[in-house]
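> the following block contains a protein sequence and its predicted model.
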Amino acid sequence: MKVLSLIALFIAGTMNYWAVAQKKDVTIEDVWQRFTFYNAPAVQINWMKNDNYYSTYSESEGLKKVSITNPNEATVLIPPDKFLSPRGTKIKAESYIFSDDESKVVLFTQKSPIYRRSFTTVAYVYDIPSQKITAIHDGKPIQLPTLSPDGAKVGFIADNNLHFTDLNTNTTASITDDGKYNSIINGTTDWVYEEEFGFTQGFYWSGDSKRVAFYRLDESDVKQFVLMKYGTLYPQEVRFKYPKAGEKNALVDIFIYDINTKGKVKVDIGTEKDQYVPRIQWTNNPEQLAVMRLNRLQNKLEILIANASNGSTNVILTETDDKYITEVTDQSWVFLKKSNRFVFQSERDGFNHLYLYDLSGKMLKQITSGSWDVTTFYGVDERTETAFFQSSEVSPIERQVYCINLDGKKKEQLTQSKGWHNAKFSSNLSYFMDDYSNASAPWITTLYDQKGKNVRVLKDNKDAVSRIEQYNISPKEFFNFKAGNDELYGWMIKPFNFDEKKKYPVLMFVYGGPGSQEVQDEYDGFNFYFYQTLAQQGYIIACVDNRGTGARGAKFKKITYGQLGKYETEDQIAAARYLAGKTFVDAGRIGIWGWSYGGYMSSLCLLKGNDVFKLAIAVAPVTNWRYYDTIYTERYMGLPQQNASGYDDNSPINHVSKLKGRYLLIHGTADDNVHYQNALEMVNSLVDANKQFDSFFYPNRNHGISGKNTRLHLFTKMYDYITKNL
């Protein structure tokens with residue numbers, strides 16, 4: 001028996017060895033050319049007004065209405081042969097939106113990007129009952145085609161002016177006529193609002209379709225930034241308005257236009273011109289517009305209610321903070337449709353939570369509470385007085401979905417699996433799609449009802465798992481350690497055949513910016529597999545979230561205020577020392593890399609931690625906060641005129657004399673976000689200090705440094721640099 005057992009064990013061990021041996025190593029081409037490990041995190045569907053249905057579109061099947069519970073039950077709303085322009089040419093819808101009554105559909109075609117979120121499009125409106133299609137603006141490129149709630153009109157932006165087309169008469173009227181490139185913007189936003197407040201839609205129909213509220217931005221006095229586009233005999237200049245920290249912003253006004261009278265009223269947002277209006281929204285009363293006002297320092301936020309007839313306002317809520325108001329999003333406030341109440345997010349008790357107010361500004365209830373953050377607010381089912389949200393309550397590195405009554409009672413956890421859950425709720429919040437993954441399992445999309453009952457799996461990850469199983473993969477291991485008085489979270493990827501008796505070099509990855517997170521129990525289909533190529537060569541890859549990052553409360557996040565880079569760098573150096581203390585780490589071979597804020601951090605870590613780090617790669621880094629935009633920089637740093645030392649003390653260009661290790665600086669020359677200027681000024685400082693370094697620049701690439709083989713080239717360059725120098 002013992003001999004047979006030993007033979008069996010030997011055979012099993014041999015089979016296991018050959019099973020492992022037959023698996024493939026990950027290559028950079030697998031990651032960035034063949035995209036072998038990509039797994040889309042969501043089923044691309046749009047909820048219908050009736051929660052029991054959603055819609056899908058494909059060129060072969062057209063636009064369909066599909067049953068939630070029975071996907072075989074489907075109705076074709078627009079057959080594929082009806083996707084024809086009025087001239088009879090075939091059109092391909094890249095996206096679409098319904099009118100409120102779902103009798104009409106706006107079809108977006110020929111999208112062309114402007115900046116990160118903005119784009120132009122050739123748009124059509126298809127009337128489902130009559131099967132009639134209308135080209136908006138004669139088929140010329142426009143921005144933001146938006147149907148009125150009654151479906152009779154469609155508003156849009158052309159040449160920085162706001163217009164609308166009456167679909168019944170097929171006539172177009174102009175709401176504004178003073179729009180001018182790099183001067184006056186109507187109905188949409190400028191570069192800095194789009195990038196830092198996260199929206200481009202700058203006009204909104206009232207609920208009764210009788211009025212349009214819209215932004216007007218005067219950026220005449222905002223200084224221009226110039227990008228050069230190469231590829232022609234004489235490079236072309238691209239000029240756009242970009243307000244850098246401490247410089248002039250666009251002046252913002254809010255107007256309300258009456259469709260019937262053609263009259264405009266200016267909303268009273270106060271006498272202070274140097275301020276922001278990060279959001280506006282109609283309440284459930286079409287006579288009342290809610291306006292969010294934020295001071296330049298972003299430490300005082302007010303909500304105003306405007307009279308739609310005359311533009312007069314009164315302040316109903318004031319929120320202040322001794323540092324800054326956390327970044328405003330669409331979920332920062334949600335007005336209920338059937339009552340004069342709204343839900344507002346605040347960090348007033350030290351953590352981000354939900355509060356219920358009436359329209360007089362009276363706080364009715366703190367809905368959520370505890371030493372954890374609400375990370376996403378999904379909305380309220382007014383039929384049951386239930387709010388739905390995502391939070392970090394279980395762990396900062398996890399996300400779970402919850403519901404709670406508006407009175408703050410009966411909180412329930414709707415998702416259970418350990419890892420990361422992103423929900424997309426139906427129109428009336430009766431169902432939600434849960435995109436779930438963890439660090440070792442690709443995304444799977446499951447449909448639940450609002451009680452958390454599994455209805456059906458919409459998308460499994462079997463194909464992705466099958467592909468992954470063909471490769472030698474080292475798992476991501478989570479850890480935590482004490483740095484001063486704070487507990488920091490991290491992850492680590494060890495070499496595939498890890499031997500704790502050996503000593504390995506370490507490459508750290510960092511982002512580290514305010515409110516961000518990189519240590520998440522979530523699937524990462526790109527960088528994770530790039531790290532596998534390094535792990536196969538005997539490298540440990542590690543990442544730690546420093547102070548200033550998110551999901552840990554306001555105190556942990558806002559400690560970096562006024563001195564970005566100080567505490568973050570201290571924590572990354574402490575993390576490197578922690579790793580260096582491991583018996584299996586070669587303390588003399590620790591490197592670090594990052595992109596954007598992470599490039600800023602990797603540069604600063606190499607310079608200030610020159611006794612710890614041997615190598616750093618900085619991709620598209622900020623090198624001096626004076627070069628970055630007003631909204632982001634001043635939120636976390638104040639004005640440079642008032643905080644000069646805060647801006648200068650932790651800018652990498654002021655620490656270049658400390659460089660000892662190998663430094664690779666990478667940037668795209670057409671980066672409209674973190675300008676190429678940052679890299680050039682870093683180069684100047686390094687040269688002035690007579691410090692040798694390496695650099696590489698990608699012509700005409702923006703902040704994402706992508707397109708065709710660009711990512712393949714970039715990550716191959718980084719791989720070669722790491723394996724030769726670390």
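Now that the structure is in, tell me what you want to look at.
> ok, residue 552 - contacts?
Residues in contact with residue 552 (CB atoms under 8 Å, 6 or more residues apart in numbering) are 373, 392, 396. Placement of C-beta: from N, CA and C, glycine included.
> which element is residue 239 on?
strand 236-241 (DSSP states H and E).
> run through who's touching that strand.
If you take CB under 8 Å, 6+ apart as the criterion, strand 236-241 is touched by 182, 190-191, 219, 222-229, 250, 670, 672.
> related to what we said a few turns ago, out of the contacts of residue 552, which comes closest to residue 456?
Nearest to residue 456, judged by CB to CB, of these is residue 392 at 28.1 Å.
> just the pLDDT for the residue lying closest to the closest one once chain neighbours are set aside.
Leaving aside its chain neighbours, residue 392 sits nearest to residue 551 (4.0 Å; criterion: CB to CB, 6 or more residues apart in numbering). pLDDT recorded at residue 551 is 97.
> in the stretch 151-300 of the chain, which spans are strands?
Secondary structure of the stretch 151-300 of the chain (DSSP state E, counting those that start in this stretch): strands located at 153-158, 161-166, 171-174, 184-186, 203-205, 211-218, 224-229, 236-241, 251-258, 264-266, 275-282, 288-295, 300-307.
> including mean pLDDT, mean neighbour count and distance to residue 378, could these go into TSV?
Compiled in TSV, these are given as follows (pLDDT from 0 to 100; neighbours: other CB atoms under 10 Å; distance: least, CB to CB, whole Å):
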stretch	mean pLDDT	mean neighbour count	distance to residue 378
strand 153-158	97	23	27
strand 161-166	97	21	30
strand 171-174	96	12	37
strand 184-186	98	23	31
strand 203-205	98	22	21
strand 211-218	98	23	25
strand 224-229	95	14	37
strand 236-241	95	14	35
strand 251-258	98	19	27
strand 264-266	97	16	34
strand 275-282	98	20	17
strand 288-295	98	21	20
strand 300-307	98	21	21
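> I'd like to know which of those lies nearest to residue 138.
With CB to CB as the measure, strand 171-174 is the member of the strands of the stretch 151-300 of the chain nearest residue 138 (8.9 Å).
> pairing partners for the closest one, with directions?
If you go by DSSP bridges, strand 171-174 pairs up with strand 161-166 (antiparallel).
> quick check: angle from the strand it pairs with to strand 153-158?
Per axes from the mean of the first three to the mean of the last three CA atoms, to 10 degrees, the angle that strand 161-166 makes with strand 153-158 is 150 degrees.
> just the CA coordinates for strand 161-166, please, in CSV.
The C-alpha coordinates for strand 161-166 follow below in CSV (Å, rounded to 0.1, in the frame of the first residue of the first chain):
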residue,chain,number,x,y,z
ASN,A,161,-24.2,78.3,-29.4
LEU,A,162,-27.3,76.6,-28.1
HIS,A,163,-30.1,75.7,-30.5
PHE,A,164,-33.2,73.5,-30.6
THR,A,165,-35.1,71.9,-33.4
ASP,A,166,-38.9,71.5,-33.3
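> what's that strand in contact with?
So strand 161-166 is contacted by 134, 136-137, 148, 152-157, 171-179, 186-187, 203, 212, 214, 257, 259 (CB under 8 Å, 6+ apart).
> lowest average confidence, helix or strand, in the protein?
The helix or strand of the chain with the poorest confidence is helix 2-21; it has a mean of 42 (mean pLDDT, DSSP states H and E).
> roughly how far is the following helix or strand past that one from the heart of the chain?
Scanning forward in sequence from helix 2-21 by DSSP H and E, the next helix or strand is helix 28-32. Counting by CA atoms, centre = their mean, to the nearest Å, helix 28-32 is centred 24 Å from the centre of its parent chain.
> can you list contacts of stretch 405-414?
356, 365-369, 380, 385-388, 394, 400-404, 432, 448, 450-452.
> buried members of these into ChimeraX, please.
Those of these that count as buried under 16 or more other CB atoms under 10 Å are selected in ChimeraX with:
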select :356,365,367,368,380,386,387,388,400,401,402,403,404,432,448,450,452
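> how many neighbouring residues does residue 688 have?
11 (other CB atoms under 10 Å).
> with adjacent residues omitted, what lies nearest to it?
Per CB to CB, 6+ apart, closest to residue 688 is residue 656, 7.8 Å.
> quick check: the one you found vs residue 500, distance?
Shown here: residue 656 relative to residue 500, a distance of 38 Å by CB to CB, to the nearest Å.
> the more surrounded of those two?
More crowded of residue 656 and residue 500, by other CB under 10 Å: residue 656, with 22 against 10.
> hang on, the earlier thing: mind checking which of the strands of the stretch 151-300 of the chain is nearest residue 417?
strand 275-282 (33.9 Å).
> alpha carbons of that closest one, in PDB - could you do that?
The C-alpha coordinates for strand 275-282 follow below in PDB (Å, rounded to 0.1, in the frame of the first residue of the first chain):
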ATOM      1  CA  GLN A 275     -16.400  81.300  -8.300                       C
ATOM      2  CA  TYR A 276     -17.600  78.000  -9.700                       C
ATOM      3  CA  VAL A 277     -21.000  76.600 -10.500                       C
ATOM      4  CA  PRO A 278     -20.200  72.800 -10.600                       C
ATOM      5  CA  ARG A 279     -23.900  71.700 -11.100                       C
ATOM      6  CA  ILE A 280     -27.400  72.900 -11.900                       C
ATOM      7  CA  GLN A 281     -30.500  70.800 -11.800                       C
ATOM      8  CA  TRP A 282     -34.300  71.300 -12.100                       C
END
